[in-house]
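A.B. asks: would you be able to build a 3D model of this:
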Amino acid sequence: MLLFFAESAPVPERDPATGLPLPQNAILCRLTSDNSYRCMTGREAGLFCLRISLCSGRWGFDLMDFVGFYESAPFPALVFASDEHLEQAREVYQGRHFAERRLRFFEPRVLVHSTGPEGWRDIRADGALCSWAALKARAAVAEKAPIGGQLGDPAEFSNYIMFSDPGQIAGELVVSSRQSGFINMDAGAPYRPGARLYLDAAMIARDGLLLRDGAHLKVRDRLPLAPYLLYAATPQALGLHETSTPAAFAALADKAFFNACPAYREART
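C.D. replies: Predicted structure coming up:
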């Protein structure tokens, strides 16, 4: 259920459609003029908020991906944008879709997913990546909640497998945080990497599995390794000890991937 408000309007305390207080699982999207980011997630009025910068060349895509992805959600999604900006975004977005089966010119050709040693063992046994919620449903994880909950991620996110780009270390920081038991953003902190997996984004999109919500590229529930896995970088394959750091492991893994798959050295379409 989408609700639209003026760009600078405060977050309402109540759903104007029902008069009831906004539920805690409501999600916000706000346009900003901050040139320090393309998009950024955080909290506003106690709710999860995606901020999209108008300084980004792809803000219209990000905004309309959010609108399309959440328009049928079973919880309120609040969009703070002027009528003029909404019209500009719709014009740029014509004929596109949050689950379109081709990559856009600015999207990466390679998606990266990181996991710890136990996760890599289970992924190999399953032959697939699975979302946290799918693993929890079959008692394959012991945690009561995913580590992202400590960052304020909505429970809805646990239904998806999230990806990053080569060159980014966000996935390694998630693994490090999970092992630490808290949000550990120290890229030089010791941790135990399991595998950094490189997947063919174009093939995932072609098969209708790639989803865009304005902030993330993700897949719902489960993604088989075949035929999408291009390369698996592990400590053993890289000649490392079991312990490394997020920054060091990501850098070595990226180098090994591009050496093994030089056709993907230019990681964007």
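A.B. asks: now do the same for the nearest residue to residue 140 once chain neighbours are set aside: its pLDDT.
C.D. replies: Leaving out its chain neighbours, the residue that sits closest to residue 140 by C-beta to C-beta, 6 or more residues apart in numbering is residue 122, at 6.4 Å. Glycine gets a C-beta too; all of them are placed from N, C-alpha and C. If you check residue 122, the pLDDT there is 94.
A.B. asks: quick one: contacts for the most centrally placed residue in the chain?
C.D. replies: For the chain, the residue nearest the mean C-alpha position is residue 216 (3.4 Å; C-alpha atoms, centre = their mean). With contacts defined as C-beta atoms under 8 Å, 6 or more residues apart in numbering, residue 216 is in contact with 160, 162-163.
A.B. asks: secondary structure and neighbour count added to those, as TSV?
C.D. replies: Below are the contacts of residue 216 laid out as TSV (DSSP: H, G, I helix; E, B strand; the rest coil; neighbours: other C-beta atoms under 10 Å):
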residue	secondary structure	neighbour count
160	strand	19
162	strand	20
163	coil	25
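A.B. asks: nearest to residue 173 among these?
C.D. replies: Closest approach to residue 173 among those (C-beta to C-beta): residue 162, at 12.2 Å.
A.B. asks: residue 28: which element?
C.D. replies: In the assignment (DSSP states H and E), residue 28 maps to strand 27-32.
A.B. asks: what do you get for residue 84?
C.D. replies: Taking DSSP H and E as the criterion, residue 84 maps to helix 83-93.
A.B. asks: chain center to that helix: distance?
C.D. replies: 24 Å (C-alpha atoms, centre = their mean, to the nearest Å).
A.B. asks: tell me the mean pLDDT for that helix?
C.D. replies: 97.
A.B. asks: do stretch 220-229 as well
C.D. replies: Stretch 220-229 shows a mean pLDDT of 98.
A.B. asks: what sits up against it?
C.D. replies: 123, 127-131, 133-134, 159-161, 197-200, 203-204, 209, 211.
A.B. asks: now that stretch: buried residues?
C.D. replies: By neighbour count with 16 or more other C-beta atoms under 10 Å, stretch 220-229 contains the buried residues 223, 228-229.
A.B. asks: sorry, back to before: elements contacting the strand or helix carrying the residue nearest to residue 140?
C.D. replies: Assigned by DSSP H and E, residue 122 belongs to helix 117-126. Contact partners of helix 117-126 among helices and strands, from 3 or more C-beta pairs under 8 Å, 6 or more residues apart in numbering; DSSP states H and E: strand 195-200.
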